[in-house]
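**Student:** need a 3D model of the following:
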Amino acid sequence: MKYDYEINSSTLAIISIDDFSCKVLEEEAEYIVNKPSFDVIDDSCKYFGSSYKGRYEGTKSLIGMNYKLPIIIEESRNIIFFPTSSPQVNDCCWISLNKISDYYVENDNVYIFFKNHSKLKLNISFFTLENQILRASRLESVLRHRKNNENK
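**Tutor:** Next comes the predicted model:
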């Protein structure tokens, strides 16, 4: 099976362009991928041995929520992405939780500042962004707690 792009440890965000393509932001590069952002997420989950649906169900059972869930793309490297809106909406973007340095509002615009010093303007409210970061952080915390308990 061929994949056009697999999310990796340097992926910052998957930005929807239209119904058929998205822009991938990495720490050192940008790519245009000829598929929707959701398909990049699903293909990346499959590349690492699961699917979006499987990861969604796993997240749902771990954090007890039902919508706009963060997704574990790859567990051993702690690659967790969260959606900016419903994943079924074509303009949904996906952000890597562990690449965020800061986020803020400036002149009524919401920005994410990444650890590589790049920034991304989002068309969502500050409340929505903060809520999605909190959900993804909760997922990361539950995973970390389970891993720590396994190592005892």
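**Student:** what helices or strands is the helix or strand of the chain at the bottom of the mean pLDDT ranking leaning on?
**Tutor:** Every helix and strand of the chain was ranked by mean pLDDT, DSSP states H and E. The lowest is helix 126-150, at a mean of 91. Packing partners of helix 126-150 (3 or more C-beta pairs under 8 Å, 6 or more residues apart in numbering; DSSP states H and E): helix 52-63, strand 79-83, strand 100-106, strand 109-114. (Each C-beta comes from the backbone N, C-alpha and C, glycine too.)
**Student:** residue 19: which of these is closest?
**Tutor:** Using C-beta to C-beta as the measure, strand 79-83 is the one of the helices and strands packed on helix 126-150 that comes nearest residue 19, at 16.3 Å.
**Student:** report the distance from that closest one to the chain centre.
**Tutor:** Remark: strand 79-83 is offset 2 Å from the chain centroid, using C-alpha atoms, centre = their mean, to the nearest Å.
**Student:** residue 135 touches residue 63, doesn't it?
**Tutor:** Yes. Counting by C-beta atoms under 8 Å, residue 63 is a contact partner of residue 135 at 6.8 Å.
**Student:** out of the two, which sits in the more crowded spot?
**Tutor:** A direct count of neighbours by other C-beta atoms under 10 Å for residue 135 and residue 63 places residue 135 higher, at 21 against 18.
**Student:** ok, that one to residue 82 distance?
**Tutor:** Shown here: residue 135 relative to residue 82, a distance of 6 Å by C-beta to C-beta, to the nearest Å.
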